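In: turn this into a model:
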Amino acid sequence: MVKFTSRENLGKCENGGFFSMKKVCGFYVSSMHLVTMILPNIREEINEGTKIETFFEYNLNENINKVLSNLIINNEEKQNILNVNWKSTKIKKYFNLEKNLKNIIEKNEKINLIVSGSEKYIKEVNQMFNKYKDKKCNNITVINCYEVTAFNDNVREILDLHEYIINTSGVHRIEEIFEETENSKIAN
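Out: Residues are numbered from 1 along each chain as shown. The predicted structure follows:
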C-alpha cells in the first residue's frame, strides 16, 4: 500500500475504486461538553445526508435530551438528531460491535463514525474499524473524542494520529488550532 503524506487518507478498494478517510479528534471535559461540541457537526452532517454511527463508551441520552430541549429547531431536525444512537456501545459485546462496523462500511455510504470514551476504548473501536475500511469505497470521517480528565500527557501523540480537530466551532485542520505537531511537519 502506498503511504500518502496528504492530510486525508486515500486508498484503493477491492473493487478498484478509491476510498477517503478523514481522521478527526476532539477533547472534552464532561459528557455535556461532548454533546455540545459534536451536536452542531452532527446536525449539519445529517442535513447533508451523511449516515451518523456512534460508538460511545458512556450513555449520552440524558445529555442530548437536555441540550435539545433548549434549542429552537424544528421537530423533524430534533427527531433526526434523536435517531442517532446516543446509548453506550459495550466492547464486551465484541462480536456485535465488529458485525455492526462491518455492516456500516459495506453499505457504501458517506459515513461519520463518532467514537467517544477512554483512550483504550477508542483504540479498540478504531482497530476493529481498520479491519474493514479497505473493503468498500466510502467517504468516511472518523471522529475520536477523548475525555481530557482521563489523560493529559499524550495530547500531542493523539493530535499526531489525526488530521483534523473538532470543537464547538466545527472541524478544523489541526495546524489551524495548534502549532508544530508531527502532522504539520509532514504537511509542510
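In: this structure: strands as residue ranges?
Out: Applying DSSP state E to the chain gives strands spanning 9-12, 18-28, 51-56, 110-117, 139-147, 164-167, 170-173.
In: now render those strands as TSV, adding distance to residue 126.
Out: C-beta here means a position set from N, CA and C on the backbone, and glycine is covered the same way. Compiled in TSV, those are given as follows (distance: least, C-beta to C-beta, whole Å):
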stretch	distance to residue 126
strand 9-12	13
strand 18-28	9
strand 51-56	9
strand 110-117	7
strand 139-147	7
strand 164-167	15
strand 170-173	18
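In: could the ones you listed go into CSV alongside mean pLDDT and distance to residue 66?
Out: Putting the strands of the chain into CSV (pLDDT from 0 to 100; distance: least, C-beta to C-beta, whole Å) gives the following:
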stretch, mean pLDDT, distance to residue 66
strand 9-12, 54, 36
strand 18-28, 84, 15
strand 51-56, 90, 16
strand 110-117, 89, 17
strand 139-147, 90, 18
strand 164-167, 94, 20
strand 170-173, 93, 22
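In: how much space between residue 131 and residue 81?
Out: 29 Å (C-beta to C-beta, to the nearest Å).
In: with neighbour numbers in mind, choose between these two.
Out: Under the criterion of other C-beta atoms under 10 Å, the comparison of residue 131 against residue 81 puts residue 81 first, with 19 against 12.
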